[in-house]
Structure formats: structure tokens, C-alpha cells
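Asks: coordinates only, sequence not included:
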């Protein structure tokens, strides 16, 4: 697979053909598949250092999680400071932080057509899959980095490029992903992290990701990640379909109704027409500004320079 010398996009086979089982599992069960994104050269050190140099500061997340022996964590967020891109990269490799560059589909120009081409190929495999929005996060993480038990509100495909990591994916049921938790995430009353107990691991599916592997899971399925070896680079692409957008809007509206003391049905027992009505209500509720965003201004407690432990 030869990259295009201008765009860095392989001509084909960013996502090789899927088996019938993979096609059946997509969005219904955790699954892995092969990809060729790393062959574009867009995730090598020189390209990453240049990107880190010029990336918008407001889209630059630097996180450090301190874990105890029960898997509970404390989050610290940081800032880049005045380090140049190559030094930021060195700091990630030597520490246990992870850096997330949000909206890479808009701000890493050479990567934008790669994301689009990969999802075009997925849509060929799955004619009923029609995402209406794609947002990318480039995640650079240290060899010892861990990401705690959490859930994302959109659908996610995680394309792994460098290093080795292990991911635990849990059922999207009330025991692991309480409906009130997703409501609070969508209302921005809490970050995506969720209460975790080690005995939950018995219900998880576990995957070891090597470069060239991707993993995806059902909407709202919680998961956690531990790097296993080396400097890790992954591209997380959030996708929204009309179904996921309507379901998330319904969760938002339910969160407001719950705060008003009104009855809320389980989402699993809410048919799509009822979800659509709640979604429509959520549009007006968001404009009304009935709840305060509690995560907009997280304290930045360290600079990346010097975080080596």
C-alpha cells in the first residue's frame, strides 16, 4: 500500500474486507478489524512534533490519572507551557500522561481525507451505516498511561497506530452504564468517567491492540484502557448517526425531566418515535440553559515539563 506523496492517503484498502461476523457485530457487539492508516506516515515522530507545535491551545488536552490499587483514580489536567512540539513528544514518552488533540478532522489537514476515506470504506461494507458527523481525537500516550472506566456519548471507532494497549469493554447495561450517568454526561454535570469496581471486569470483553488494529463497540458501552508497551498513538473517531443523535437527545431531555421530579422511562423501553419526541424537546431545553455546565473550566494543575513519573 503506497501513500499518495501529496495527500498521504493510500489508494485503497484503508479498511480491508470484513467477514460476515464482523459485519453483523458492528455497533451491536465489541469487535476488532484491520486498518492501514499507519502506512500514511502521518503518525511518525516528525509529523507529530510538527502538529504539536502548531495545534490550537484550546483543543489540546493533557491529562494525568493517579490510580490506587482498587482501580480508583484522581484526574489532574495540565497545560503544555512553552515547550516546543518535539519536547512535548519527549515529555509524553517519558511520563505517564496522555495528550488528546481534539477535532483533528478540522485541524490536521493531511489526516482529514484519511478519516473520510476510511469511513467511506466502512460504509461500503455496511450499506445501512450512514454517519452524519465524524469528529477525530488524536491520542498520544506514555507507556504507563491508563484511561479509567468511562463511556462516550457518540459511537466510536478507535484506530491504533503505535505501541500496544489493552482495552476492557463492558456491557452497556444498567449495572455498568446507569442511565442517570449518561444523562449527567450529556448535561455536562460530570466528565465521562463512571464509578468502577474491579469485580465488573468479569463481564468485560478484553482486546489487546497492536498497530494496524481498530476496535469499536456498541453505543454507550463503558470501557477502560491500559497501555502495555511503548509510546502509544491512536486515532479515536466519534461518529453520530441519526439514531445515536436522537437517543442522546432523549437522554438529555430525560435528565431535565428527572431534575424536575417527572417520571422517566428506561431508554431500553423507549421506542424510537418516543425518543424522537424527546430529542425534539431537548433542542428547546438546550436553548433554555436550564443546567449549568460543570466541566467547562477544569483546573489545570501542572505543566507537561517535569511530569516524568
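Replies: Sure, I can see it. Not measured: the values here are computed from a predicted model. Numbering: from 1, shown residues only.

Asks: please report how far the residue lying closest to residue 196 once chain neighbours are set aside lies from residue 224.
Replies: Spatially, and ignoring its direct neighbours in sequence, residue 196 is nearest to residue 149 (3.7 Å; Cβ to Cβ, 6 or more residues apart in numbering). In this view, the C-beta of every residue, glycine as well, is placed from N, C-alpha and C. Distance, residue 149 to residue 224, by Cβ to Cβ, to the nearest Å: 4 Å.

Asks: on that earlier part again, A helix includes the residue nearest to residue 196, no?
Replies: No: looking at residue 149 with DSSP: H, G, I helix; E, B strand; the rest coil, it is strand, so not inside a helix.

Asks: that one: what's it in contact with?
Replies: When contacts are counted by Cβ atoms under 8 Å, 6 or more residues apart in numbering, residue 149 is found next to 71, 170, 193-196, 200, 222-224.

Asks: mutual contacts of residue 149 and residue 224, please.
Replies: The overlap between the contact sets of residue 149 and residue 224 (Cβ under 8 Å, 6+ apart) consists of residue 196.

Asks: which elements pack onto the helix or strand harbouring residue 286?
Replies: With elements taken from DSSP states H and E, the one containing residue 286 is helix 272-288. Under the contact definition 3 or more Cβ pairs under 8 Å, 6 or more residues apart in numbering; DSSP states H and E, helix 272-288 sits against helix 242-259.

Asks: tell me the gap between the helix holding residue 286 and the middle of its chain.
Replies: If you compare the mean C-alpha spot of helix 272-288 with that of the full chain, they lie 24 Å apart, counting by Cα atoms, centre = their mean, to the nearest Å.

Asks: got it, and stretch 21-33?
Replies: Shown here is stretch 21-33, whose average C-alpha point lies 17 Å from the average C-alpha point of the whole chain (Cα atoms, centre = their mean).

Asks: one more: stretch 228-235?
Replies: Going by Cα atoms, centre = their mean, where stretch 228-235 is centred and where its chain is centred differ by 15 Å.

Asks: I'd like the secondary structure assignment at the nearest residue to residue 28 once chain neighbours are set aside, please.
Replies: The shortest distance from residue 28 to any residue that is not its chain neighbour, by Cβ to Cβ, 6+ apart, is 6.1 Å, and that residue is residue 218. Of the three states, residue 218 takes coil under three-state DSSP.

Asks: where does this structure have its least confident helix or strand?
Replies: Among the helical and strand segments of the chain, the one scoring lowest on mean pLDDT, DSSP states H and E is strand 300-303, with a mean of 51.

Asks: got the contact list for residue 103?
Replies: Listed by Cβ under 8 Å, 6+ apart, the contact set of residue 103 reads 59, 135-137.

Asks: one step back: burial check on the residue nearest to residue 28, number of neighbours?
Replies: Neighbourhood size, residue 218 [other Cβ atoms under 10 Å]: 17.

Asks: check the gap between it and residue 295 for me.
Replies: When Cβ to Cβ is applied, the distance between residue 218 and residue 295 equals 24 Å.

Asks: and what of residue 241?
Replies: For residue 241, the distance to residue 295 (Cβ to Cβ) stands at 25 Å.

Asks: what of residue 32?
Replies: Using Cβ to Cβ, which is the criterion applied here, residue 32 is 31 Å from residue 295.

Asks: higher neighbour count, the two?
Replies: When residue 32 is set against residue 295 and neighbours are counted by other Cβ under 10 Å, the residue ahead is residue 32, at 18 against 11.

Asks: element containing the more buried one?
Replies: Assigned by DSSP H and E, residue 32 falls within strand 31-34.

Asks: now that strand: buried residues?
Replies: Taking 16 or more other Cβ atoms under 10 Å as the neighbour-count basis, strand 31-34 is seen to contain the buried residues 31-33.

Asks: mind giving me the packing neighbours of the helix or strand following that strand?
Replies: Along the chain past strand 31-34, the next helix or strand (assigned with DSSP H and E) turns out to be helix 45-54. On a contact count with 3+ Cβ pairs under 8 Å, 6+ apart, helix 45-54 meets helix 85-94, strand 98-102.

Asks: please redo it, this time with the cut-off set to 7 Å
Replies: Using 3 or more Cβ pairs under 7 Å, 6 or more residues apart in numbering; DSSP states H and E as the contact criterion, the secondary-structure elements in contact with helix 45-54 are helix 85-94.

Asks: pull the distance from the helix it packs on to the chain's centre.
Replies: Its chain's C-alpha centre and that of helix 85-94 lie 22 Å apart, by Cα atoms, centre = their mean.

Asks: now that helix and strand 98-102, what's the angle there?
Replies: When axes from the mean of the first three to the mean of the last three Cα atoms, to 10 degrees is applied, the directions of helix 85-94 and strand 98-102 differ by 130 degrees.
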